[in-house]
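Give the three-dimensional model of this entry:
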Amino acid sequence: FAEPPPPPPPHWPPRLRLDFGGGSTRTRAGRRRQDDAVRRAPPPASCLCPITRDVMELPAMTPCGTTYDWEPLVRWIQSHGTYPMGECAGPLRLGDLAPNLALRNIIEDWAAAVPPPAAVDDVACDEAPAPAPAVAQRRCASPSAAAGPASRRTPRRRPATSPARSR
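Next comes the predicted model:
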């Protein structure tokens, strides 16, 4: 296994806790919660690491001005010693990185604004072993079924129209 990247310098802010309902985003369940949060409220594109395309937990800016998440950027520097994505020529060192506090604030604001997940049972509606209460049935039913019997009527077919005749 690869060695974990070193921690950021002590003057850097702590890593954001993007748990979206409990647990770390580094576990499979935590990753699913983050993916679900991203579907409910997509983050601004600037909040995504260009290397991993995940929401950044510790935005680190290079001297050329591009921001990446700390860990993927450190792994890149350790293996390549250059700027990722070819943004600048020359070597890149860990000491050249700086925290991007403005982007960190944007990510914090986005994470705080993500709506909580809907209270839906883990069991799929069509697999429920017992009849569900009326509220759950309405939640699981299709919009046309929830609208009532009038919407179940088959609409009358309109006669087919022929293309416009030229006279």
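
Reduced to three states, what does the nearest residue to residue 40 once chain neighbours are set aside come out as?
Using CB to CB, 6 or more residues apart in numbering and skipping residues adjacent in sequence, the residue nearest residue 40 is residue 115, 5.5 Å away. In this view, the C-beta of every residue, glycine as well, is placed from N, C-alpha and C. Taking DSSP: H, G, I helix; E, B strand; the rest coil as the rule, one finds residue 115 in the coil state.

cool, residue 73 as well?
Residue 73 - assigned by three-state DSSP - is helix.

swap in the one 3 residues further on?
Going by three-state DSSP, the secondary structure assigned to residue 76 is helix.

Also residue 36?
Applying three-state DSSP: residue 36 is helix.

how many neighbours does it have?
14 (other CB atoms under 10 Å).

Show the model's pLDDT score for it.
Per-residue pLDDT puts residue 36 at 76.

Same check on residue 129?
Reading off the model, residue 129 has pLDDT 49.

quick one, helices of this structure?
Applying DSSP state H to the chain gives helices spanning 28-40, 70-80, 101-113, 134-140, 143-146.

avg pLDDT for the second one?
What that stands for is helix 70-80. 94.

Please enumerate residues in contact with it?
Contact with helix 70-80 is made by 2, 5-6, 8, 15, 49, 51-52, 57-60, 62, 68, 84, 92-94, 97, as judged by CB atoms under 8 Å, 6 or more residues apart in numbering.

any idea how far residue 74 is from residue 104?
17 Å (CB to CB, to the nearest Å).

Just the ones in strands from the contacts of helix 70-80, please.
Secondary structure defined by DSSP state E assigns 59, 60, 68 of those to strands.

give the contact list for the second one.
Looking back up the chat, that one is residue 60. Applying CB under 8 Å, 6+ apart to residue 60 gives the contacts 8, 67, 68, 69, 70, 73, 74, 97, 98, 99, 100.

which among those residues gets closest to residue 35?
Within these, proximity to residue 35 (CB to CB) peaks at residue 69, which comes in at 16.1 Å.

Now which of the contacts of helix 70-80 would you call buried?
5, 8, 49, 51, 57-60, 62, 68, 84, 92, 97 (16 or more other CB atoms under 10 Å).

Determine which two of those residues are furthest apart.
Between any two of the buried ones among the contacts of helix 70-80, the greatest separation by CB to CB is 20.2 Å, found for 57 and 92.
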